[in-house]
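Peer 1: fold the following and give me the result.
(one chain, ligands or ions: 2)
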Amino acid sequence: MAETVILSGTTSPGLLASLAPLLREWLPRQRWFAGKGSPVTGFSLVAGTELLPAASRLGLYHLLVRAHQGAVPGDCYQLLIGAREALPPRLAPALIGHVPDGPLGGRTVYDALYDTRPAEVLLEALRTEARIGVLRCERDPGQEIRAGLVPRRLTAEQSNSSVVFGDTFILKLLRRVVPGVNPDLELPLALAREGSSRVPAPTAWLHADLEDGGGESYVLGVLQPYVQGATDGWELALRELAKGEDFATEARALGRATAEVHTALARALPTATLGHAQLGPLVDGMTERLDAAAQAVPALRPYAPGLRTAFSALADLAAEGRTWTAQRVHGDLHLGQCLRAPSGEWALIDFEGEPARPLAERRMPQPAVRDVAGMLRSFDYAALSTDPPAPGWAEVCRAAYCSGYAEVSGTDPRTDPVLLRAYETDKAVYEVVYEARHRPDWLPVPLSAIRRLAASDSL
Ligand SMILES: Nc1ncnc2c1ncn2[C@@H]1O[C@H](COP(=O)(O)OP(=O)(O)O)[C@@H](O)[C@H]1O
Ligand SMILES: O=P(O)(O)O[C@H]1O[C@H](CO)[C@@H](O[C@H]2O[C@H](CO)[C@@H](O)[C@H](O)[C@H]2O)[C@H](O)[C@H]1O
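Peer 2: Ligands and ions are numbered 1, 2, ... in the order given. Model prediction:
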């Protein structure tokens, strides 16, 4: 590996101006761009850090850029921009464009995360706990990071962007970033402190300390051990479906793993009791999300009255004096967030929660059934994405998962069907919006659950 020269300078003021026309085209095409549907009207630089000097063969810039979309104050995105004379063919998919003038005039710029040297620069910064301008790296002193691990791009469909180093570590760079404690770091750290082996323990992490954070830093990325040879639950489920096999044994193991993580989270972090006063805002939130979703996705509208009964039934129980325990949860649990190691053990990943929700909301204690509902939806997804669909397969998985969950936690989620239906409905509504926005061909999958949930008084 060439010697890594890390500069601590901020970027030149003209840099963003020269990149803006290219970013305006490129950014909305990225899977992780959250503002799809309305054009980017401008950019402002939140922070810029030169990691490799502009004058060298490869210039490298870490940028935090706010994308403006009309009058709406835009989201802040993390970009790693490389600048070269010309791009080698292997980097063609990362092309952002050719800069005509300004500090990078005549250079070709690209998404540098998937280039070897820039990824090495990031790993070296994490390994050495570097401070570079506004960027600050921290690491777990108990875990060793070997120098010189070879990076490779992760090709999975993602909300963020990840690089694997030597099959030993995986670095996830968060793309849409906000100041404040990020559950994707907070929860795995808390679980590691509890001694849980169900979640890879963070090895090192990257922050930005900025004035606009109101005293809180931005979490920009997390490095964690890579589970070698793992298969994710989604892939595994589809494989079994294709073979005509059931997935009950794995579903039950997943239920047990989920309950173990919930038990550890309830020990590690504050819990709460939800009564009538707390349930009100929670149910209001579900109803508001449904209304907003019905506005955005016309196909949902005919089912909205039936779906509202899922939420009002929960409010009625609270009015009668029922209470529920709330705790920190995963927040976006589905088969793709579960990794099965070759040993057969399941691990859970990606504790960011639903990226579209505000951080404060994602960090609130919630009924653990929220994650259970996410997994139940996922079995449905798998069963409906095969040809021909296999709805009975999903039923068996759902039952096995709940049984496994009950074996460890002592509580079978099916014993509270009103709560489960409310959370499953909330999740299916979220999925309708998600699919309409990102994968319109998949919209029929959550819509089929919507039909069922709108028609049923319980599960
Ligand atoms: N610790 C890990 N070991 C092995 N693979 C991992 C690990 N963490 C993540 N992955 C892989 O990376 C993918 C994306 O990770 P994830 O945390 O879900 O990112 P995103 O938030 O961008 O969706 C996962 O689907 C999985 O295939
Ligand atoms: O990117 P994330 O993994 O954080 O989650 C988002 O994308 C998921 C799709 O990749 C989406 O999950 C939905 O589709 C899955 C199948 O592809 C299915 O297993 C899930 O049950 C379903 O919710 C997830 O909702 C979204 O937040």
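
Peer 1: can you list contacts of stretch 440-447?
Peer 2: Stretch 440-447 is contacted from outside by 297, 299-300, 377, 380-381, 384-385, 428, 431-432, 435-436, using Cβ atoms under 8 Å, 6 or more residues apart in numbering. Every C-beta, even on glycine, is put in place using the N, C-alpha and C of the backbone.

Peer 1: can you narrow those residues to ones near ligand 2?
Peer 2: R377, Y381, E431 (Cβ under 6 Å from any ligand atom).

Peer 1: narrow the residues you listed to those in helices?
Peer 2: Within these, residues falling in helices by DSSP state H are R377, Y381, E431.

Peer 1: rebuild the residues you listed as JSON lines, extending it with distance to D371, pLDDT and neighbour count.
Peer 2: What follows is those, written out as JSON lines (distance: Cβ to Cβ, whole Å; pLDDT from 0 to 100; neighbours: other Cβ atoms under 10 Å):
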{"residue": "R377", "distance to D371": "11", "pLDDT": "98", "neighbour count": "24"}
{"residue": "Y381", "distance to D371": "15", "pLDDT": "97", "neighbour count": "23"}
{"residue": "E431", "distance to D371": "15", "pLDDT": "96", "neighbour count": "24"}
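
Peer 1: which residue sits closest to the residue in the stretch 351-459 of the chain positioned nearest to ligand 1, ignoring its sequence neighbours?
Peer 2: Residue nearest to ligand 1 within the stretch 351-459 of the chain (Cβ to the nearest ligand atom): E352, separated by 5.5 Å. Nearest in space to E352, with sequence neighbours left out and distances taken as Cβ to Cβ, 6 or more residues apart in numbering, is D184 at 4.1 Å.

Peer 1: quickly note the distance from that neighbour to Q228.
Peer 2: Here the distance between D184 and Q228 works out to 21 Å (Cβ to Cβ, to the nearest Å).

Peer 1: give me the most central residue, this protein.
Peer 2: Nearest to the centroid of the C-alpha atoms of the chain, with distances taken as Cα atoms, centre = their mean, sits E352, at 4.8 Å.

Peer 1: if I look at L27, how far off is L113?
Peer 2: Between L27 and L113 the distance is 14 Å, computed by Cβ to Cβ.

Peer 1: okay, those two: which has more neighbours?
Peer 2: It is L113, of L27 and L113, that has more neighbours when counted by other Cβ atoms under 10 Å, with 23 against 19.

Peer 1: where does the more buried one sit: helix, strand or coil?
Peer 2: Of the three states, L113 takes helix under DSSP: H, G, I helix; E, B strand; the rest coil.

Peer 1: how near is it to L23?
Peer 2: Counting by Cβ to Cβ, the gap from L113 to L23 is 15 Å.

Peer 1: contacts for the host helix or strand of R117 next, please.
Peer 2: Here R117 sits within helix 116-127, counting by DSSP states H and E. Residues outside helix 116-127 that contact it (Cβ under 8 Å, 6+ apart) are 1-2, 4, 6, 51-52, 58, 60, 80, 82, 112-113, 130, 132, 135, 137, 139, 145, 147-151, 163, 165, 169, 171, 173, 203-206, 221, 223.

Peer 1: is stretch 326-333 positioned near ligand 1?
Peer 2: No. Stretch 326-333 stays clear of ligand 1 (Cβ under 6 Å from any ligand atom), getting no nearer than 8.5 Å.

Peer 1: and that stretch, end to end?
Peer 2: Terminal residues of stretch 326-333 lie 16 Å apart, using Cα to Cα, to the nearest Å.

Peer 1: where does this structure have low pLDDT?
Peer 2: Within the chain, the segments meeting pLDDT under 70 span 1-13, 457-459.

Peer 1: kindly report the residues of the protein close to ligand 2.
Peer 2: Taking Cβ under 6 Å from any ligand atom as the contact definition, the chain meets ligand 2 at 157, 159, 234, 332, 334-336, 350, 354, 377-378, 381, 431, 434.

Peer 1: does ligand 1 have contacts with stretch 334-345?
Peer 2: Yes. Contact of stretch 334-345 with ligand 1 is found when judged by Cβ under 6 Å from any ligand atom, involving G336, Q337, L339.

Peer 1: who wins for neighbours among the residues of the chain next to ligand 2?
Peer 2: Tallying neighbours with other Cβ under 10 Å puts S378 at the head of the residues of the chain next to ligand 2, with 27 neighbours.

Peer 1: state the number of residues packed around P200.
Peer 2: Under the neighbour criterion other Cβ under 10 Å, P200 is assigned a count of 22.

Peer 1: also the one 4 residues further on?
Peer 2: Neighbouring residues of A204 were enumerated by other Cβ under 10 Å; the total is 22.

Peer 1: and the one 10 residues further on, by the same measure?
Peer 2: One way to gauge burial is a neighbour count; for G214, by other Cβ under 10 Å, it gives 8.

Peer 1: check the contact between it and P179; I expect there is one.
Peer 2: Yes. At 6.4 Å, G214 counts as touching P179 under the criterion of Cβ atoms under 8 Å.

Peer 1: about what we covered before: of the contacts of helix 116-127, keep whichever come out buried.
Peer 2: 4, 6, 51-52, 58, 60, 80, 82, 112-113, 130, 132, 135, 137, 139, 145, 149, 151, 163, 165, 169, 171, 173, 203-206, 221, 223 (16 or more other Cβ atoms under 10 Å).

Peer 1: okay, and which of those residues map to strands?
Peer 2: Secondary-structure check on these using DSSP state E: residues within strands are 51-52, 60, 80, 82, 132, 135, 137, 139, 151, 163, 165, 169, 171, 173, 204-206, 221, 223.

Peer 1: in terms of helices and strands, where is Y77?
Peer 2: Y77 belongs to strand 76-84 when assigned by DSSP H and E.

Peer 1: show the subsequent helix or strand relative to that strand.
Peer 2: For strand 76-84, the following helix or strand on the C-terminal side (DSSP H and E) is strand 95-98.

Peer 1: mind listing what's buried in that next one?
Peer 2: For strand 95-98, a neighbour-count test (16+ other Cβ under 10 Å) marks I96 as buried.

Peer 1: repeat that for stretch 228-242.
Peer 2: So stretch 228-242, judged by 16+ other Cβ under 10 Å, has buried residues A230, D232, G233, W234, E235, L236, A237, L238, E240, L241.
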